[in-house]
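In: okay, here's the prediction I keep looking at, along with the sequence it came from:
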Amino acid sequence: MAAVDAVYQSLREFFRPFWPGEDKPLVLGEGQAERPRLMLVGEAPGETEVIKGRPFVGKAGKNLDEFLRLAGLRREEIYVTNAVKIRPMEKGPAGRMRNRAPNREEISLFVPWLLREIEAVKPGALVTLGNVPLKALTDPKATVGSCHGQWMDSRAGVPLFSLYHPASVIYRKALAPVYEQDVLALGAWAKSSGGK
Ligand code: URA
């Protein structure tokens, strides 16, 4: 059993009494759970992730696979998780539930668990995707617009590299070359850092 499994067990127990009567499955991290070179931290699971019970397996997962290919990394050699472990939802105009960004309460509820998760997994570096994990792990005032592509210190005591969220690149096409450059820089670092 990996050290992170004990953290997940406590996390499940902690959240059991939350949201009574609501179906809010937890989507936990997966991958190389012991000292991976990189731990990728996204925002929160979406609909497909909740159905499959795995992070980054829907449309965002396809983007992630493309990102990994560009960086020359394999999914099995890294760890993938989210800052918030439930799917934040809201009712859309047609009455259908849709994803929304996690709110401040959800983020502050899950961040202590994210820190414990990082401590258990012991990654060589953290890669944040989008603003939510960046702010949670560095400074609430940090923005991906000004921090992307740079190495920073994190609250977890592990070096952190921030990237735009791959989904935001779909909506803002002008970000694509910037994002690609950041991913290539990360890939070059991963290659030169060697080992796990
Ligand atoms: N799916 C995830 O698991 N995380 C995200 O941040 C977006 C989609």
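Out: Great, that's in hand. Since we're looking at a predicted model, the values are computed, not measured.

In: what's the strand or helix carrying E106 packed up against?
Out: Assessed by DSSP states H and E, E106 sits inside helix 104-121. The contact analysis (3 or more CB pairs under 8 Å, 6 or more residues apart in numbering; DSSP states H and E) places helix 104-121 against helix 3-15, strand 38-42, strand 79-82, helix 131-137. Any C-beta I mention is one placed from the backbone N, CA and C, and that applies to glycine too.

In: give the next helix or strand downstream of the first one.
Out: When you say that, I think you mean helix 3-15. Downstream of helix 3-15, the next assigned helix or strand under DSSP H and E is strand 30-31.

In: when you scan that following strand, is anything in it near the ligand?
Out: No - under the criterion of CB under 6 Å from any ligand atom, strand 30-31 makes no contact with the ligand; the nearest approach is 10.3 Å.

In: go on, stretch 141-151?
Out: No - Stretch 141-151 is not in contact with the ligand by CB under 6 Å from any ligand atom; minimum separation 12.5 Å.

In: picking that back up, tell me the mean pLDDT over the helix holding E106?
Out: On average, the pLDDT along helix 104-121 is 97.

In: which of the residues in that helix are buried?
Out: Along helix 104-121, these residues count as buried under the neighbour rule (16 or more other CB atoms under 10 Å): 106-107, 109-111, 113-118, 120-121.
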